[in-house]
Structure formats: C-alpha cells, structure tokens
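A.B. asks: any chance you can model this:
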Amino acid sequence: MVWEPILATDWVGPRPLALGRVGDPRAVQFWDQRNQLSGLMGGPPRFQDKPAYQVLFDMGDTIWDFVAVYPPGVAWNGGAAQPSFAGGAVVKVIEGLRTAIPR
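C.D. replies: Numbers count the residues shown, from 1 in each chain. Predicted structure coming up:
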C-alpha cells in the first residue's frame, strides 16, 4: 500500500492508527511524499474513462483512493505494468477487488 499526500494537511506520513486499518500481514505500506508512484503509473488519465477499469470519480492530478491488482510475476519495465483490475474510490469497488484477488 502506498500513502501519498493529497490534501493540504497531508504533510507527514500516516499515523499508526491509519496504518493499522490494513490488517493483512502480507501488506507492506510505504509513504511516497513526492507522489512519485502516481507519476510512474502514468497519472489519472491512464486509468480514467477506460471501460475495463472501475474508476468512479475524478482523481484530479494524482492517483489516489485507488486500487490496482497485478497478476503474479508481472514486471514493471520502465513504467507501470497493466493491472488485471483497477478502480476507485476503493470503498465503491470492494466487490470487484475481492473477485480480482485470488484466495
């Protein structure tokens, strides 16, 4: 999971209470203070207005409140790989996310 500053109040990384919301022991969380991952992924235009993805809101200039699932073994060679599922706002695409992640 990657945390990025979006709001003007997001000038420090997430607090332990926020980090604790992700209870899966396989999850690793990072703080990306400069929104570098969003740029590497191609920004919101790469994911918005694409029928294969469930992006249900305008992210503006930075990818946020977003989930992407990549197949096992996928490699990012010089840029973002193609996800098998992508969507947001996360709370609105939970069922699609659950279906996309193998048990």
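
A.B. asks: can you pull out the strands in this structure?
C.D. replies: Assigned by DSSP state E, the chain shows strands spanning 2-3, 30-31, 54-55, 67-69, 85-88.

A.B. asks: tell me the most buried of these?
C.D. replies: Of all the strands of the chain, strand 85-88 carries the top mean neighbour count, a mean of 22, counting by mean count of other Cβ atoms under 10 Å. (C-beta placed from N, C-alpha, C; glycine too.)

A.B. asks: show me what that strand is in contact with.
C.D. replies: The contact list for strand 85-88 (Cβ atoms under 8 Å, 6 or more residues apart in numbering) reads 47, 52-57, 59, 64-69, 93, 96-97, 99-100.

A.B. asks: so what touches the helix ranked longest in the chain?
C.D. replies: Longest helix of the chain, by residue count under DSSP state H: helix 94-100. When contacts are defined by Cβ under 8 Å, 6+ apart, helix 94-100 is touched by residues Gln54, Val67, Val69, Ser84, Phe85, Gly87, Val90.

A.B. asks: now for these, which pair is the farthest apart?
C.D. replies: Spanning the widest gap among the contacts of helix 94-100 are Ser84 and Val90, at 16.4 Å by Cβ to Cβ.

A.B. asks: could the strands of the chain go into a markdown table alongside distance to Thr9 and mean pLDDT?
C.D. replies: Putting the strands of the chain into a markdown table (distance: least, Cβ to Cβ, whole Å; pLDDT from 0 to 100) gives the following:
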| stretch | distance to Thr9 | mean pLDDT |
| --- | --- | --- |
| strand 2-3 | 13 | 92 |
| strand 30-31 | 15 | 94 |
| strand 54-55 | 24 | 92 |
| strand 67-69 | 23 | 91 |
| strand 85-88 | 20 | 94 |
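
A.B. asks: Val22: which of the ones you listed is closest?
C.D. replies: That would be strand 2-3 among those, by Cβ to Cβ, at 10.2 Å.

A.B. asks: pull up the pairing partners for the closest one, direction included.
C.D. replies: strand 30-31 (parallel) (DSSP bridges).
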